[in-house]
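Chemist: Return atomic coordinates for the entry below.
(chains A and B)
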Amino acid sequence: MSLTNEELLEMQRRMVRIRRFDERASKMVKRGQIPGTVHTSIGQEAQVVGACMALGDDDYMSGNHRSHGHPIGKGSPLGPLMAELVGKSGGVCGGKGGSLHLADFAVGSLGESGIVGSSIPIATGAALSSKVLGNGKVSLAFFGDGAANQGCLYEAMNLAGVWQLPVVFLCENNQYALSTPAHTVTSGVIADRAAGFGMPGVRVEDGQDAMAVYDAVSTAVERARAGDGPTLVEVVTYRYNEHSEGLRLGTDYRNADERTQWLERDPIVLFRRHLVETGVATDEEMDALEAEVLDEVEQAFQFSQDSPFPDPEVAFRDLYTEPIGVTS
Amino acid sequence: MTVMSYLGAIGAAQREAMEADERVVIIGEDVEANVYGTTGGSGKSRADKGDFLQMFGSNRIRNTPISEEVIVGAAIGAAMTGLRPIVDLSYSSFLYMAMDQFVNQAAKNRYMFGGQASLPVVFRSAMFYGLNTGAHHSDRPYPMFMNVPGLKIVVPSSPYDAKGLLRTAVDTDDPVLTFEACTLWGSKGEVPEEEYSIPFGQARTVREGTDVTVVAISSAVPEAVAAAEQLAEEGISVEVIDPRTLVPLDTAAIVESVSRTGRLVVADPAHRTCSAAAEISAIVAEEAFGSLLAPIVRVTTPDTQIPFSPALEKQLYPNRSYIGDAVRRVTGERVSVPPTPEGVDDALSTQAPR
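Modeler: Alright, predicted model coming up:
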C-alpha cells in the first residue's frame, strides 16, 4: 500500500484543490455569485482524499451534501464543478444539479445527495452490479455522523454483509450534524456497529492524517476487491466552516478551544510537512504546487463565469431517456 | 397463442427477459422459492428445470432481507452501473418503506445529474385489494407515483398486456413501476408464446362503442367490459379504453374517443382524490370540453381506508354495477341508485344530467 512519490504529491494536490476550491466557493456565496448555499469540506481534506486515493479510477463513489470534496478527490476537473455551482450550461450536470447534486460519472462519481444517508443504498447497488458482472470494481459510500443514525445505512450494511458486496461504508465523522454534537445523538461508537453485521469496523482517530485514512481505506478496498465483503470505516475529522456558507446561528455550539486545537492539526500543513521531511518534495516544490492549484481554481472560476446559463428548455430535458409529456 | 393466466404471463415475461439479457437480475423477498409464482417454471418444465433459481443461479436470482429501502436503492445503484434489475416488492403498500429511494433517487438521478445516469430498473408490486387483507395490504398507490416526474407507471389488466408491458418495462432505460392487481392474477387470456413487447403510452380499445367512453384502469377493465355488455342489451353502446400505462398516458386516444362519444366515465380503483381518474378527467375537461354532452363521472374508491370485513370492503371498489349506473347517468337514463351507503361515491349521489 505504499504510494509512489508521484501519488503522494497527487494526494497533496487534491487536498489543496479542495481547500482552494471551497475557499473560492465560500467567497462566491458571500458575493452572491452562487445562488443558494454550499457546504464546504474545508478541514476534512485528508479524510476525503485519503479515501478517494485508495480507490481506483474505475471504482464507484457516492456522497452527500458536503459535496465538492468527493468528486475533486476522485479526480474530477474543477471547471465543470465550479460552473455547476453557478448553474451554468458548462456545469458537470448542465446546471440541473447544483452544489448538492454534483456527479461526474467519468470518474466514478455516482452522485452527491441532498438527503442525508440516501446515497448509501446507491453505492451498495453499484457494488451489487460489480459483483454480478464480475468486473472487480469497488464502491465507496461517503456519509456523515448524522447519516450514521439513518436506518438505510443498516439495511445497506446488512445486505452488503449477506451478499459480500465490494463496498466500503465511509463515515465522515466531523462530530456535528449541523449544530448537534454527534455524541448527544449517537449511542456507542459508530465503527463498533460493524460488529453487528459481521464486518470489520475501523476507526481512524486522526482523520487529519491523510496517510492514516489512506491506509485504513486501502485495507478495506483490497478486502472488497478480493471478494471478502464490506467494511465500515469511521474517520474522525472536523469541519472548519459553518455547516453551510452564510449560515449564522445565534448559539455557538462548538467550543472555541476545540476549534483552535483542530486548526493546529491542519491536514494540508501536516501532509506538506511530511512530504518535505521525508524528502518527497522541497518547500519550493510545494509552494509551486500550491500556486498551480490556485491558478487551476482561478481558471475554474473563469470557466464558470464564461459559460452561458442553460436555455430555459433544458429544464425539460433528461427526465427520461425518451420524451414523455412536457419533456424532450 | 396459448392460454395463460395473468400471473403466468408475468412469469413468462420475466423468464424471457432473463434469457435474453444476462444483465437482467431479479431481486426481492422470497423470489428464490417462487412464493408468488412469477419466478418459477410451470408444469412439466418446472419438474425438469426447476424454478428461476435453478435456471439462472443465485447470482441473478437474489432473495433479499425485508429491507425495502435498500432493496430499492441498491436496484437503482445497480441500474446506474450496468445491471437491469427487476425488483419484486410483493405488496404495493411496501413501496412506502422505500419512498425516499423512489422519489429522491429513482425519479431524480437522471435529471439532476444532467442525463449522465440511465436507470433501467423495474419495480413490480401487487395490489391485494378486494381480498380481505385489511388496510395495510389493500392499497392502489399508483396515482401517488404519477405525481413524481421521472417514473413510468404501468397498470396491466390482462395476461396479454401483463407479459408485453413487463417486457417493455425491462427493456426501457427508465425506472418503471408496475402495479399488478391480485384479483386479476388468476384471469386467463390468449398470450403469444414468443417474445413480444407492447409500447408504453398506447391505450388499448378493449371494446368499441359510440355513446359513452369508459376509461378503466387495472381491475376496473373487466368490470367495465361486463358493464358494457349489460348496457348493450339496454341499447347503450360503450367504448372501453384501457390506458395500460398511466405514465406515459395516451391522452390522444382518450380525447379522440370522447370527441366521438361526447361522454366520459372513468373507472379507477384508486382513492378518489388526486386519482388517475381525476387526472384523466381534468385532461378531457381541458382538451375535449367542447365535445362533452354530459358532465364527466368518476367511479372510484371513496376516500376512506380499506376495512377488513367482507361485509364492508366489497362495496368500495368500482364494479360493473357502479360503472353501469354511471354510464346510464351520463346518457341521461334515470337510474336507481344502488344500495351503497350514503357518501360512498359522490358521483353516484349527484343528480343525473337531463
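
Chemist: could you pull out the helices for the stretch 51-200 of chain A?
Modeler: Per DSSP state H, counting those that start in this stretch, the stretch 51-200 of chain A carries helices over the ranges A:69-73, A:78-86, A:120-133, A:151-163, A:182-185.

Chemist: For residue B:259, find the nearest of those helices.
Modeler: helix A:120-133 (45.2 Å; Cβ to Cβ). Backbone N, C-alpha and C define where each C-beta goes, glycine included.

Chemist: what's next to stretch B:194-209, contact-wise?
Modeler: A:324, B:16, B:20, B:152, B:154, B:161, B:163-165, B:167-168, B:171-172, B:216, B:221, B:224-225, B:228, B:237-245, B:248-250, B:253-254, B:257, B:261 (Cβ atoms under 8 Å, 6 or more residues apart in numbering or on different chains).

Chemist: what does stretch A:284-304 rub up against?
Modeler: By Cβ under 8 Å, 6+ apart, the surrounding residues in contact with stretch A:284-304 are A:9, A:12-13, A:16-17, A:20-21, A:24, A:28, A:77-83, A:85-86, A:88, A:90-91, A:272, A:275-276, A:281.

Chemist: re earlier: mind putting the helices of the stretch 51-200 of chain A into a markdown table with mean pLDDT?
Modeler: As requested, the helices of the stretch 51-200 of chain A are exported to a markdown table (pLDDT from 0 to 100):
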| stretch | mean pLDDT |
| --- | --- |
| helix A:69-73 | 98 |
| helix A:78-86 | 98 |
| helix A:120-133 | 98 |
| helix A:151-163 | 98 |
| helix A:182-185 | 96 |
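
Chemist: Would you convert those into a markdown table that also reports distance to chain B and mean neighbour count?
Modeler: Below are those laid out as a markdown table (distance: least, Cβ to the nearest Cβ, whole Å; neighbours: other Cβ atoms under 10 Å in any protein chain shown):
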| stretch | distance to chain B | mean neighbour count |
| --- | --- | --- |
| helix A:69-73 | 11 | 29 |
| helix A:78-86 | 8 | 25 |
| helix A:120-133 | 2 | 29 |
| helix A:151-163 | 4 | 23 |
| helix A:182-185 | 20 | 12 |
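
Chemist: where exactly do the strands run in the chain?
Modeler: Went with chain A since none was named. Per DSSP state E, chain A carries strands over the ranges A:60-62, A:139-144, A:167-173, A:176-177, A:180-181, A:201-204, A:231-236.

Chemist: Chain B, not that one
Modeler: Along chain B, counting by DSSP E, strands occupy B:2-5, B:24-28, B:61-63, B:84-91, B:122-127, B:152-154, B:176-181, B:188-191, B:204-207, B:212-216, B:238-242, B:245-247, B:264-271, B:297-301.

Chemist: Reformat those as a markdown table; add mean pLDDT.
Modeler: Listed next are the strands of chain B as a markdown table, based on pLDDT from 0 to 100:
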| stretch | mean pLDDT |
| --- | --- |
| strand B:2-5 | 96 |
| strand B:24-28 | 98 |
| strand B:61-63 | 97 |
| strand B:84-91 | 97 |
| strand B:122-127 | 98 |
| strand B:152-154 | 98 |
| strand B:176-181 | 98 |
| strand B:188-191 | 97 |
| strand B:204-207 | 98 |
| strand B:212-216 | 98 |
| strand B:238-242 | 98 |
| strand B:245-247 | 98 |
| strand B:264-271 | 98 |
| strand B:297-301 | 98 |
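
Chemist: could those go into CSV alongside distance to residue A:182 and mean neighbour count?
Modeler: Below are the strands of chain B laid out as CSV (distance: least, Cβ to Cβ, whole Å; neighbours: other Cβ atoms under 10 Å in any protein chain shown):
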stretch, distance to residue A:182, mean neighbour count
strand B:2-5, 54, 16
strand B:24-28, 33, 24
strand B:61-63, 34, 21
strand B:84-91, 34, 24
strand B:122-127, 34, 26
strand B:152-154, 40, 24
strand B:176-181, 37, 26
strand B:188-191, 57, 16
strand B:204-207, 56, 17
strand B:212-216, 54, 30
strand B:238-242, 54, 27
strand B:245-247, 41, 26
strand B:264-271, 42, 29
strand B:297-301, 46, 26
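
Chemist: Would you mind giving those as CSV with distance to residue B:138 added?
Modeler: Converted to CSV, those look like this (distance: least, Cβ to Cβ, whole Å):
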stretch, distance to residue B:138
strand B:2-5, 21
strand B:24-28, 20
strand B:61-63, 26
strand B:84-91, 9
strand B:122-127, 7
strand B:152-154, 19
strand B:176-181, 11
strand B:188-191, 24
strand B:204-207, 25
strand B:212-216, 19
strand B:238-242, 22
strand B:245-247, 19
strand B:264-271, 10
strand B:297-301, 9
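
Chemist: For residue A:220, find the nearest of the ones you listed.
Modeler: strand B:61-63 (23.4 Å).

Chemist: and the closest one, is it in reach of chain A?
Modeler: Yes - residues of strand B:61-63 contacting chain A under Cβ under 8 Å from any Cβ of the partner chain: residue B:62.

Chemist: can you list contacts of that strand?
Modeler: Contacts of strand B:61-63 (Cβ under 8 Å, 6+ apart): A:163, B:25-33, B:39, B:52-53.

Chemist: Please apply the same query to stretch A:42-49.
Modeler: A:11, A:14-16, A:18-19, A:22-23, A:26, A:41, A:66, A:69-70, A:72-73, A:142, A:172, A:174, A:204, A:207-210, A:213, A:235, A:237-241, A:262, A:266-268, A:270-271.

Chemist: quick one: contacts for the closest residue to residue A:140 other than its chain neighbours?
Modeler: Excluding the flanking residues, the one nearest residue A:140 by Cβ to Cβ, 6 or more residues apart in numbering or on different chains is residue A:168, at 4.4 Å. The contact partners of residue A:168, by Cβ under 8 Å, 6+ apart, come to A:51, A:138, A:139, A:140, A:141, A:217, A:220, A:221, A:224, A:230, A:231, A:233.

Chemist: try 7 Å
Modeler: By Cβ atoms under 7 Å, 6 or more residues apart in numbering or on different chains, the residues touching residue A:168 are A:138, A:140, A:217, A:220, A:221, A:224, A:230, A:231, A:233.

Chemist: Can you pull the residues of the stretch 201-328 of chain A lying near chain B?
Modeler: When proximity is defined as Cβ under 7 Å from any Cβ of the partner chain, the stretch 201-328 of chain A approaches chain B at A:318, A:319, A:320, A:321, A:324, A:325.

Chemist: Which among these count as buried?
Modeler: Buried members of these, scored by 16 or more other Cβ atoms under 10 Å in any protein chain shown, are A:318, A:319, A:320, A:324.
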